[in-house]
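Enquirer: sequence and predicted structure are below.
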Amino acid sequence: METLAFQGLVGLSLAMYLWLLSAGLTIVFGVLGVLNFAHGSLFMLGAYFAFTFYGLWGINFWLAIILSLSTVGIVGYLMERFFLRHIYHLDHAYQLLLTFGFILIFDDAVKMVWGGVAKIPAMPGFFEGTVPVFGRLFPIYNIFIIGSGLLVALLLSMLFEKTWWGKIVRASASDREMASAIGVNIPTLFTGVFIFGAMLAALGGALGTPVRVVAPGIGAAMIIQAFIITVIGGLGNLKGAFVGAMIVGILSAYGILLFPVFELFLIFVIMAVVLMVKPQGLFGG
Amino acid sequence: MKKTLMVLILIAILILLPLFAGKYVIYMTIHILLLSLFSLGFNLLFGYTGLLSFGHAGFYAVGAYACAKILLAAPSLLVGIVGGVIFAGLVSLLLGLLCIRHTRIYFSMLTLCFGMMIFSLAWKWRDMTGGDDGLVGIPRAPLEIPGLLRISVAAMESYYYIVLVFSILAIFIFYRLVKSPLGLTLQGIRDSETRAACVGISVRNYRLISFTIAGLYAGLAGALLPPLENTVTPPVAHWSHSAEPVLATLLGGIYTFAGPIVGAFLFYIIKDIIVRFTEYWLICLGVIVLVLVLGFRGGVVSIFSGKGGTG
Amino acid sequence: MKEIIRTEGLAKYFGELAAVHAVNFSLKEGLFTSIIGPNGAGKTTLINLMSGYLFPDAGRVFFRGTEITKTPAHKRVKMGISRSFQIMNIFPRLTVFQNILLPVLSHLNKNSQAFSTLGSQREAVEETEKILNEVWLWEEKDSPAAALSHGDQRLLELGIAVATNPQVCFLDEPSSGMNPIERIKVLELVKKLSAERKTTFAIVEHDMDVVFSLSDWIVVMNRGEILAEGKPDEIRDNQEVRDIYLGEEI
């Protein structure tokens, strides 16, 4: 029983990375109408940059995270401003193809710059150590992750519900023409939202650096799970992304415990079941 | 008339190829033919039906692994290949039932997910698929019809002819398919799913038909692989392999019949050239994709037929 | 006069808004019917509900006595119901010829023929040629539909709607978005189709000249309900109807 509860906590920390990734993906889709296949690559870049700043150059952990977000933010800016923007008027297929092209580029670029071998940097001192929970030892860093994820969820929900910027974004998401008519600069807004989404993904990657492997291909692995999450939760729905991430994260952890080797398959089955019962996702409309 | 002549000349060249080309060229040509079949299937879904699949390698892999397992148990070429195709068709029918009810973006996401699901099965299910070592020692079994004939295809040239015959037949069938009422129906669904429904077409059924046929073609391409390479490993199911027909078709031309075939040829030429200079050929591929999407959406065929990329 | 389509208490809500509310609509066979009313009256929603593009939240739809409330759109077409769209809905990449050929093939149940060529479908090809001439698009038959002028696209849209040889055909604002010259042509075609075919037409229109000159029967909708219906003269004299059009000359 205690093992199950403990594994649930492990799943919860895993879920937080997925949440950060999926939140950005779903916000970008909701506002721009674009599904960014390369979103997982932005997560991966966040991890690599954080590793470089913190692990290789020894910069202060918090500063390293901020720098990593900023760098990926710039990458996101370049992607949207100079590439995506030119094809908004085309069929969705071309947006998918373009962002798919970016996956190929980022995956190899990362190998070129950092080499193909995985990196595992050290833990920042103040988070080292474990805490006894449910009869086992739970890493303190994971508690930090869970806390951060929940904090981001809270901040995002406040941002979109209560602030002026959040309202503008939501209005533009549901009616672009109307928003434009009342003076919202749509192109700038789109760029801003894309950068915001990219930074959320990078945050997920960066926060994971001390405890997770940093390697080429983690982007692709994450994007598959992010897709599953948005399918389960409903594309464009932030609450759905959060719930979906919890489901996938926690079930993955249980899968690893109870059906090792086939845990990914288990997640696919869950997705298939949700789709058969509610094709638009649990919160989709 | 001009087109028929060109096709006949091409077929003649392919038939005569082993006479003037070395083993490497023959080997490449087999791979080009396999990618052509793979891409034709992909484009039936994309160019003709409007559904963009990023997991098509999954069906290729089912065809490849099924053929391999059959050949390891009963070394008869026809049984292996046909068996591979049938398995791929069944899997694509089943997955199609799930994927087809969804709008285009969900569809693309789902295909990526299911493709990778097949990859994870191939990679982890040691007992069945050999895990990350894959299946090895697959015989290039003889072409055998009990009581009638038994042809050894151990030589690369002989196997080449087997692949050529299957390819020409399959491409011909594909041609008839897309020029038929079924082909027109699929294109109507691509152009306007609402309009198609409002002229009495059951959109869902036809999408499923398209999905299954696409899976059969991918499965054929996959089933022709094991006798050639004598091994099958998990990367055949990976999303980066799913990228190949996408790129070949984009290169050659999405809304044309010959586009995928032309694109398959270009793809191998380009890949061959690039890997001589650098191991980072995915970046080059990615850049090519960006260039094509931003500037040349009609692909190479459109440049020659003057139709232009209409996107 | 036989009733060909009938709705009972039909309702459709979009959030809190009742687009259509307690509608009992009846279409009599052979009577050219116009559905009129101010914007937002629910006319297009009613057509969507009857053609199967939408399913109702309450109420039922009947076609020749058979209930079709939840029958999917493509099946309704096979039963004999067809429609055109207010926002142009053609097959842009297909040629004009193919645009018509496709519904004709559907009517003849030949869509799934996978191994015969299009040219060998003699019956379908002849029928398509006939319709192309009927809608005055023979000259453009090999052009991609997207290349047609706006007015010709509407003619094509009408052609697609009648190509399945329907018993009932709903035309949703066939002349909307047309310049005056195109509009005359489109409405001429509607008149011609209605006179020459065995199809019962029901159109949503704003042009009152057309409505009153073509219609055998007029249904007036307002705020999701049927306000009044009757012969053109009756409607012209109806005070309530005049009121909702705010003194417009009808």
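Expert: Received it, and whenever you're ready, just let me know what you need.
Enquirer: give me the low-pLDDT residue ranges for chain C?
Expert: Across chain C, the ranges flagged by pLDDT under 70 are C:246-250.
Enquirer: what sits against the residue of it most remote from its centre?
Expert: When each C-alpha in chain C is compared with the mean C-alpha position (CA atoms, centre = their mean), C:F115 comes out farthest, at 33.5 Å. If you count contacts by CB atoms under 8 Å, 6 or more residues apart in numbering or on different chains, C:F115 has them with B:176-177, B:180. C-betas here are computed from N, CA, C, even on glycine.
Enquirer: for it, phi and psi?
Expert: When read as degrees, to the nearest 10, the backbone of C:F115 gives phi -120, psi 0.
Enquirer: distance check, it against B:F174.
Expert: As judged by CB to CB, to the nearest Å, C:F115 and B:F174 stand 11 Å apart.
Enquirer: would you list every one of the helices in the stretch 51-200 of chain A?
Expert: For the stretch 51-200 of chain A, helices defined by DSSP state H, counting those that start in this stretch occupy the ranges A:61-82, A:92-114, A:140-162, A:164-174, A:176-181, A:186-208.
Enquirer: same for the host helix or strand of A:L20, what does it pack against?
Expert: Element membership for A:L20 (DSSP states H and E) is helix A:2-32. If contacts are counted by 3 or more CB pairs under 8 Å, 6 or more residues apart in numbering or on different chains; DSSP states H and E, helix A:2-32 sits against helix A:39-50, strand A:136-139, helix A:140-162, helix A:164-174, helix A:186-208, helix A:218-233, helix A:238-258.
Enquirer: okay, buried residues for it please.
Expert: A:6-32 (16 or more other CB atoms under 10 Å in any protein chain shown).
Enquirer: so which bits of the stretch 151-300 of chain B are right by chain A?
Expert: B:239-240, B:243, B:246, B:250, B:280-283, B:285-290, B:293-294, B:297 (CB under 8 Å from any CB of the partner chain).
Enquirer: hmm, try it at 6 Å
Expert: B:280, B:282-283, B:285-286, B:289-290, B:293 (CB under 6 Å from any CB of the partner chain).
Enquirer: so for the strand or helix carrying B:I273, what's the average pLDDT?
Expert: For B:I273, the element it lies in under DSSP H and E is helix B:259-277. Mean pLDDT, helix B:259-277: 92.
Enquirer: check which helices and strands that helix sits against.
Expert: When contacts are defined as 3 or more CB pairs under 6 Å, 6 or more residues apart in numbering or on different chains; DSSP states H and E, helix B:259-277 sits against helix B:23-43, helix B:239-252, helix B:281-295, helix B:299-305.
Enquirer: most tightly packed of those?
Expert: Of all the helices and strands packed on helix B:259-277, helix B:239-252 carries the top mean neighbour count, a mean of 25, counting by mean count of other CB atoms under 10 Å in any protein chain shown.
Enquirer: neighbouring contacts of that one?
Expert: For helix B:239-252, the surrounding residues in contact (CB atoms under 6 Å, 6 or more residues apart in numbering or on different chains) are B:35, B:38-39, B:42-43, B:54-57, B:115-116, B:259-260, B:262-264, B:266-267, B:292, B:299-301.
Enquirer: what's the longest strand in chain C?
Expert: strand C:3-14 (DSSP state E).
Enquirer: and that strand, which residues are buried?
Expert: C:4-8, C:10-12.
Enquirer: which members of the contacts of C:F115 occur in helices, if any?
Expert: Among these, DSSP state H puts B:176-177 in helices.
Enquirer: can you list the contacts of C:F115 in CSV and add pLDDT?
Expert: Shown next, in CSV, are the contacts of C:F115 (pLDDT from 0 to 100):
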residue, pLDDT
B:R176, 94
B:L177, 94
B:S180, 94
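Enquirer: can you verify my assumption that A:T26 contacts A:G240?
Expert: No: between A:T26 and A:G240 there is no contact under CB atoms under 6 Å: 7.3 Å.
Enquirer: how about the strands in chain B?
Expert: Remark: strands assigned in chain B by DSSP E are B:143-145, B:149-151.
Enquirer: deepest-packed of those strands, please.
Expert: strand B:143-145 (a mean of 15).
Enquirer: how far does that one sit from the chain's center?
Expert: The chain centre lies 25 Å from the centre of strand B:143-145; the measure is CA atoms, centre = their mean, to the nearest Å.
Enquirer: ok, it: who's next to it in the sheet?
Expert: Looking at strand B:143-145 with DSSP bridges, its partner strands are strand B:149-151 (antiparallel).
Enquirer: so what touches the strand it pairs with?
Expert: Against strand B:149-151 from outside (CB under 6 Å, 6+ apart): B:142-144.
Enquirer: again, but for stretch A:266-285
Expert: Taking CB under 6 Å, 6+ apart as the rule, stretch A:266-285 contacts A:228, A:231-234, A:237, A:239-240, A:248, A:255, A:259, B:98, B:101, B:117.
Enquirer: could those residues be laid out in CSV, adding neighbour count, distance to chain C and pLDDT?
Expert: Formatted as CSV, the contacts of stretch A:266-285 follow (neighbours: other CB atoms under 10 Å in any protein chain shown; distance: CB to the nearest CB, whole Å; pLDDT from 0 to 100):
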residue, neighbour count, distance to chain C, pLDDT
A:I228, 30, 29, 89
A:V231, 25, 24, 85
A:I232, 26, 25, 88
A:G233, 27, 22, 89
A:G234, 23, 18, 86
A:N237, 21, 17, 86
A:K239, 14, 19, 90
A:G240, 24, 20, 91
A:V248, 26, 31, 91
A:G255, 22, 38, 84
A:F259, 12, 39, 77
B:L98, 15, 19, 87
B:R101, 16, 13, 85
B:M117, 23, 30, 89
